[in-house]
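Trainee: I'd like to go over a predicted model; first the sequence, then the structure.
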Amino acid sequence: MLHFGEQVDGMDFELNLKVDTVEQAHPAVPVCVEPDASAHAVFRLMKEHATGAVLINRDGRLAGIFTERDALRLMAEGTNLDVPIESVMMTDPVTVKAGDSVGKAIAKMSFGGYRRLPIVNDQGAAVGLLKVSGILHYLVEHFPEVVYTLPPKPHHMHKEREGA
């Protein structure tokens with residue numbers, strides 16, 4: 001099992017996660033709307049663009065995020081979908097910048113339980129969306145020996161000795 005700081009074919013796994021930037025983790029182009037868009041319109045956009053998140057911009061700055069989890073919650077509650085998205089979005093989402101390290105992004109995602117993080121520029125405008133799938137793609141690209149050789153259950157312990 002790979003641990004931080006181990007060498008993998010001459011590459012330091014931990015160093016790469018600290019040095020490689022979010023830009024290298026295959027960020028997606030974000031789908032963005034204004035705060036007055038209806039939840040119904042946002043649902044339609046999510047379906048059209050096959051995306052699990054829409055970013056909400058106000059005055060050129062990221063104001064919130066609406067994800068598939070939020071959509072499921074609204075449907076379960078039977079909420080009127082004609083409401084403005086700003087009334088049901090998550091405000092002040094956790095973000096990263098394009099120059100932040102992949103390791104920093106992974107830590108934020110892991111700590112907060114997020115599957116997506118908006119990428120913002122210095123002015124606070126959304127410029128991308130980092131997804132777990134992008135990070136997985138990055139890991140497979142850079143560390144295929146590690147990813148492809150992990151057992152299905154890395155921490156599985158046999159109760160009985162195998163073999164004769």
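Mentor: Cool, got the structure.

Trainee: just the buried residues of stretch 92-108, please?
Mentor: P93, T95, V96, K97, A98, D100, S101, V102, G103, A105, I106, K108 (16 or more other Cβ atoms under 10 Å). Heads up, the C-betas are built off the backbone N, CA and C, glycines and all.

Trainee: report how many residues lie close to the closest residue to the fourth one other than its chain neighbours.
Mentor: Right, K97. For K97, ignoring the flanking residues on the chain, the nearest one in space by Cβ to Cβ, 6 or more residues apart in numbering is V120 at 6.3 Å. A count of nearby residues for V120, using other Cβ atoms under 10 Å, gives 20.

Trainee: for F66, grab the count of nearby residues.
Mentor: Neighbour number of F66 under other Cβ under 10 Å is 27.

Trainee: got the CA coordinates for whichever helix or strand it is part of in CSV?
Mentor: Here F66 sits within strand 61-67, counting by DSSP states H and E. Coordinates of each C-alpha in strand 61-67 appear next as CSV, following Å, rounded to 0.1, in the frame of the first residue of the first chain:
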residue,chain,number,x,y,z
ARG,A,61,-18.3,36.7,-8.6
LEU,A,62,-19.2,33.2,-7.3
ALA,A,63,-22.1,33.5,-5.0
GLY,A,64,-23.1,29.9,-4.6
ILE,A,65,-23.4,26.3,-5.9
PHE,A,66,-26.3,24.1,-6.5
THR,A,67,-25.6,20.3,-6.7
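
Trainee: distance between that strand and the chain's centre?
Mentor: 14 Å (Cα atoms, centre = their mean, to the nearest Å).

Trainee: for stretch 56-73, same thing?
Mentor: That offset, for stretch 56-73, works out to 14 Å (Cα atoms, centre = their mean).

Trainee: mind checking the pLDDT average for the strand holding F66?
Mentor: Averaged over strand 61-67, pLDDT sits at 97.

Trainee: now do that strand: which elements does it pack against?
Mentor: strand 53-58, strand 90-91, strand 116-120 (3 or more Cβ pairs under 8 Å, 6 or more residues apart in numbering; DSSP states H and E).

Trainee: report the buried residues of that strand.
Mentor: L62, A63, G64, I65, F66, T67.

Trainee: between the residues you listed, which sits nearest V83?
Mentor: F66 (11.6 Å; Cβ to Cβ).

Trainee: quick check: which ranges of the chain have low pLDDT?
Mentor: 1-15, 144-164 (pLDDT under 70).

Trainee: out of the buried residues of stretch 92-108, which are inside helices?
Mentor: If you go by DSSP state H, those have V102, G103, A105, I106, K108 in helices.
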